[in-house]
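S.K.: Just to be clear, the model below is a prediction. Sequence and coordinates:
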Amino acid sequence: MSKVLVVVKETRLSGSVKIALESSSQFCQKVDVLTMGCESENNDKTLIKNYSYINKIFFGCGIIGLTKFIIRNSSKYEVIYSHSSINGFIVRILKLFFKFKVIHVVHGVAWHSKSNILIRVTTFIIDYILALFLTDRLILVNSHYYKFFYGCKNRMVIWNYADIKETNTNDKISKNIVFIGRLDYQKRPLLFLEVIKDNLSLIQSHNWKVSIFGDGELINQCKKYTLENNMTSVVTFFGWTDWRNEYVFKDCIHCVTSAWEAFGLNIVEAGLLKIPTVAFDVEGLSQVINEGETGLLVKTKLYFCRALKELIINENYRIYLGETAKITYKNKFSKQKFNNEYNNVFKSYFLEKRISND
């Protein structure tokens, strides 16, 4: 029987879910996985089952399902490993009543700069209290968050990683402006399309195209905006797809219009394919993108448009950013560093456990 339960927020292999599952291998033992998604929703369960160290997969189907599962099975697990705000909140509240240990990874926060002041203050206080008193290990994916958890002696920063393998596909995408991610209010795909509209004549005159990889609640609004602004010949919606392995990218530009972003895993993945990124300078992105070296960071929509225009026109600069991104990200966000750091955390915990039992 597994002694570790890994709680993930959805059945789909989004960036944070992938990182949570990849890091779980460093427990060096079989783990059980509980997803807050239902078996029939956002379903990548076949891909999840490919992880050899997963013992069983359970489907919690939301907050109530997660709560019921932990109450019924709390005595089976020594460690519960969570990675998102909601499941982290539930797991740590339940820790008040049970004996399991909690390792929580902060991939994002509810108290980001775009939330209203009441929500921001309330959720921060809750997060801080949970981190201070009900978290045995607090792992942060950027040092931007580190300063907010002052006094939490168990906090540490571990960068995410990306590992892109060469693909044998013949499907090539070249001279494309690429958007990757959920089509929701955090990622702001409509703002991205506004930027495309403002640069449409330049994009068309230089024979560029636009590719959107993702799906979400704003998909219909995005398609409607594209149609109403005569951009259907330029913009292609690919849906939710494994873009890393299904296409070969050459001479492209990656755009990130997120209102908040803890790490931006897609930025690193794109960089490893020599694709430079233009992004808004929010939260942890300045710790991923080296301004003027691996991509461009901007504060406003106006400067986003200017940065995109610069990269479309200036081929040499575009190539320089892409090549520098690949070298930089390969060294800074390597799988070996990622595995070693998580292994040290998990190994030290179980070592402490054995010592305390002796």
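M.R.: Right, received. Where do you want to start? Numbering: from 1, shown residues only.
S.K.: And the helices in the stretch 51-200 of the chain?
M.R.: Per DSSP state H, counting those that start in this stretch, the stretch 51-200 of the chain carries helices over the ranges 63-73, 85-94, 117-133, 143-146, 189-198, 200-205.
S.K.: Output the contacting helices and strands for the fifth one.
M.R.: Meaning helix 189-198. If you count contacts as 3 or more Cβ pairs under 8 Å, 6 or more residues apart in numbering; DSSP states H and E, helix 189-198 packs onto strand 176-180, strand 209-213, helix 219-228, helix 301-313. Every residue, glycine included, has its C-beta placed from N, CA and C.
S.K.: which residues are in contact with it?
M.R.: For helix 189-198, the surrounding residues in contact (Cβ atoms under 8 Å, 6 or more residues apart in numbering) are 177, 179, 181, 183, 203, 210, 212, 214, 216, 218, 221-222, 225-226, 229, 231, 234-235, 255, 257, 301, 304-305, 308.
S.K.: Now, of those residues, which are buried?
M.R.: Buried members of the contacts of helix 189-198, scored by 16 or more other Cβ atoms under 10 Å, are 177, 179, 181, 183, 203, 210, 212, 214, 218, 222, 225-226, 231, 234-235, 255, 257, 304-305, 308.
S.K.: quick revisit: export the helices of the stretch 51-200 of the chain to JSON lines and tack on mean pLDDT?
M.R.: Formatted as JSON lines, the helices of the stretch 51-200 of the chain follow (pLDDT from 0 to 100):
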{"stretch": "helix 63-73", "mean pLDDT": "91"}
{"stretch": "helix 85-94", "mean pLDDT": "92"}
{"stretch": "helix 117-133", "mean pLDDT": "92"}
{"stretch": "helix 143-146", "mean pLDDT": "88"}
{"stretch": "helix 189-198", "mean pLDDT": "98"}
{"stretch": "helix 200-205", "mean pLDDT": "96"}
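S.K.: any chance of these in CSV, plus distance to Glu269?
M.R.: Formatted as CSV, the helices of the stretch 51-200 of the chain follow (distance: least, Cβ to Cβ, whole Å):
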stretch, distance to Glu269
helix 63-73, 29
helix 85-94, 23
helix 117-133, 28
helix 143-146, 20
helix 189-198, 18
helix 200-205, 23
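S.K.: Between these, which one is closest to Phe27.
M.R.: With Cβ to Cβ as the measure, helix 85-94 is the member of those nearest Phe27 (16.2 Å).
S.K.: ok and that closest one relative to helix 117-133, angle-wise?
M.R.: Put simply, helix 85-94 runs at 50 degrees to helix 117-133, going by axes from the mean of the first three to the mean of the last three Cα atoms, to 10 degrees.
S.K.: Touching helix 85-94 from outside, list them.
M.R.: For helix 85-94, contacts defined as Cβ under 8 Å, 6+ apart pick out 7-9, 36, 63, 66-67, 70-71, 74, 80, 82, 102, 104, 106, 108-110, 123, 126-127, 130, 134-135.
S.K.: For Gln29, list the residues it contacts.
M.R.: The neighbours of Gln29, taking Cβ under 8 Å, 6+ apart as the test, are Ser2, Lys3, Val4, Tyr53.
S.K.: Touching, the third one and Phe100? I think so.
M.R.: No - contact status for Val4 versus Phe100: not in contact, 9.7 Å apart, counting by Cβ atoms under 8 Å.
S.K.: Pull the CA coordinates from stretch 210-227 and hand them back as PDB.
M.R.: Only the C-alpha atoms of stretch 210-227 are listed here, as PDB (Å, rounded to 0.1, in the frame of the first residue of the first chain):
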ATOM      1  CA  VAL A 210      -1.100  33.000 -35.700                       C
ATOM      2  CA  SER A 211      -1.600  29.700 -33.900                       C
ATOM      3  CA  ILE A 212      -3.600  29.300 -30.700                       C
ATOM      4  CA  PHE A 213      -3.000  26.000 -28.700                       C
ATOM      5  CA  GLY A 214      -5.500  25.700 -25.900                       C
ATOM      6  CA  ASP A 215      -9.200  25.500 -25.000                       C
ATOM      7  CA  GLY A 216     -11.400  26.900 -22.300                       C
ATOM      8  CA  GLU A 217     -14.300  29.000 -21.300                       C
ATOM      9  CA  LEU A 218     -13.500  31.900 -23.700                       C
ATOM     10  CA  ILE A 219     -13.100  29.700 -26.800                       C
ATOM     11  CA  ASN A 220     -16.400  30.900 -28.400                       C
ATOM     12  CA  GLN A 221     -15.700  34.500 -27.700                       C
ATOM     13  CA  CYS A 222     -12.200  34.200 -29.200                       C
ATOM     14  CA  LYS A 223     -13.600  32.600 -32.400                       C
ATOM     15  CA  LYS A 224     -16.300  35.300 -32.600                       C
ATOM     16  CA  TYR A 225     -13.700  38.100 -32.200                       C
ATOM     17  CA  THR A 226     -11.600  36.500 -34.900                       C
ATOM     18  CA  LEU A 227     -14.500  36.300 -37.300                       C
END
